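S.K.: coords below, sequence missing:
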């Protein structure tokens with residue numbers, strides 16, 4: 001059985017990658033303590049409104065289509081929760097793969113403290129998923 005704390009993180013990721021801002025809002029505390037680092041800059045927010053409008057809607061704009069979740073894994077580091085997620089995104093500029101690692105604390109079913117580290121958008125070469133699957137099935 002999965003820990004309720006870990007389930008909160010997975011629920012948050014599913015909402016974020018669906019760009020379902022209402023579900024994201026429901027997953028985080030109204031007074032969230034948020035910090036993140038992307039290749040271009042650091043990010044901070046102290047309310048869920050700011051988190052959604054000033055951070056997540058900047059990361060994932062209207063033209064960004066997150067069309068495939070490649071992986072989600074959850075774990076705990078002593079008393080802190082971790083969720084790692086990798087996904088495919090496309091927009092008029094290209095097709096990308098990105099991964100984020102989030103560490104968070106939870107209280108009463110909501111994330112209260114959230115730290116995210118992001119790879120940035122890595123340009124995806126056509127067929128890279130097929131190549132990766134071939135490597136996984138090739139015997140050594």
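M.R.: Cool, the structure landed. What you see is a predicted model, and the numbers here were worked out from it, not measured in a lab.
S.K.: this protein: strands as residue ranges?
M.R.: Using DSSP state E, the strands of the chain run over 28-38, 41-45, 65-77, 80-91, 94-107, 110-118, 122-123.
S.K.: show me where pLDDT drops low in this structure?
M.R.: Filtered on pLDDT under 70, the chain yields the residue ranges 1-6, 126-140.
S.K.: may I see the buried residues of the lengthiest helix in it?
M.R.: Longest helix of the chain, by residue count under DSSP state H: helix 4-17. Under the neighbour-count criterion of 16 or more other C-beta atoms under 10 Å, helix 4-17 has 5-6, 8-17 buried. (Each C-beta comes from the backbone N, C-alpha and C, glycine too.)
S.K.: do the same with stretch 59-70
M.R.: Of all the residues in stretch 59-70, those buried under the rule 16+ other C-beta under 10 Å are 59-60, 64, 66.
S.K.: now the terminal residues of it, how far apart.
M.R.: By C-alpha to C-alpha, to the nearest Å, the extent of stretch 59-70 from end to end equals 18 Å.
S.K.: swap in stretch 45-52?
M.R.: 9 Å.
S.K.: starting at the chain centroid, how far to that stretch?
M.R.: When C-alpha coordinates are averaged (C-alpha atoms, centre = their mean, to the nearest Å), stretch 45-52 and its chain have centres 16 Å apart.
S.K.: residues contacting it, please?
M.R.: Contacts with stretch 45-52, where a contact means C-beta atoms under 8 Å, 6 or more residues apart in numbering, come from 21, 24-25, 28-34, 54-55.
S.K.: repeat that for stretch 10-26.
M.R.: Identification of contacts with stretch 10-26 by C-beta under 8 Å, 6+ apart yields 2, 27-28, 48, 51-52, 56-57, 60, 64, 66, 69, 72, 74, 83, 85, 87, 102, 104, 110-111.
S.K.: how about stretch 65-81?
M.R.: Here stretch 65-81 makes contact (C-beta under 8 Å, 6+ apart) with 2-3, 5-6, 8-10, 13-14, 17-19, 60, 82-91, 97, 103-106, 129.
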